[in-house]
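[1] sequence first, predicted coordinates after that:
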Amino acid sequence: MPDVFETFAHRVDEADATAPPVDAVTVAKGAGISLGLIVLAGLAFVLGFWTGTQNEPELAYDHLVWEAVIKVGFAALCGLLAAAVVLALATLAIGLPWVRRQRERRR
C-alpha cells in the first residue's frame, strides 16, 4: 500500500512562490462577518421559534405526546425559516457589493 504522506509530500513541503500572501485584515474581516451572521441567525431562530409558539396550528390531538411533537415541530420550523430568510438576505447584502467590486477590478 502506498504511503499517502510520501506520495503527496511535494504538495506540502514546497511553498507556492506565485501565490499572494494571506492578508490578515481580510481574514479578520471575514471572521467578523461570519461571527456576526452566526449571531444574527441565532437571534432570528429564537424570534422565529417564539413566533411559532404564539401562533400554534389548530388541530385535534389524539394523544398528549403528538400535541407536544406538533407544537415543538411547528415552532422549530418557524425558527428555521426565520433563520434561513435572515441568512439569505444577509448573503445578498454582503454578496452584491462584493460582486460589483470584483467586476470593477476586472475592467
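    Looks like it came in fine.
[2] contacts only, for the closest residue to Val85 other than its chain neighbours.
    Nearest residue to Val85 in three dimensions, chain neighbours excluded: Ala44, at 7.3 Å (CB to CB, 6 or more residues apart in numbering). Using the backbone N, CA and C atoms, a C-beta is placed for each residue, glycine as well. Neighbouring residues of Ala44 by CB atoms under 8 Å, 6 or more residues apart in numbering: 79, 82-83, 85-87.
[3] between those residues, which is closest to Ile70?
    Nearest to Ile70 among the contacts of Ala44: Gly79, at 14.9 Å, using CB to CB.
[4] my read: that closest one touches Gly42, true?
    No - if you go by CB atoms under 8 Å, Gly79 and Gly42 don't touch, sitting 9.8 Å apart.
[5] and the two? Which one has more around it.
    Neighbour count, other CB atoms under 10 Å: between Gly79 and Gly42, Gly79 has more, with 21 against 13.
[6] quick one: average pLDDT of the host helix or strand of Pro97?
    For Pro97, the enclosing helix or strand under DSSP states H and E is helix 64-106. Mean pLDDT, helix 64-106: 92.
[7] helices or strands up against that helix?
    Here helix 64-106 touches helix 24-54, going by 3 or more CB pairs under 8 Å, 6 or more residues apart in numbering; DSSP states H and E.
[8] ok, and for the helix it packs on, which residues are buried?
    41, 44-45, 48-49, 52 (16 or more other CB atoms under 10 Å).
[9] re earlier: pLDDT value on the residue nearest to Val85, please?
    Value for Ala44, per-residue pLDDT: 97.
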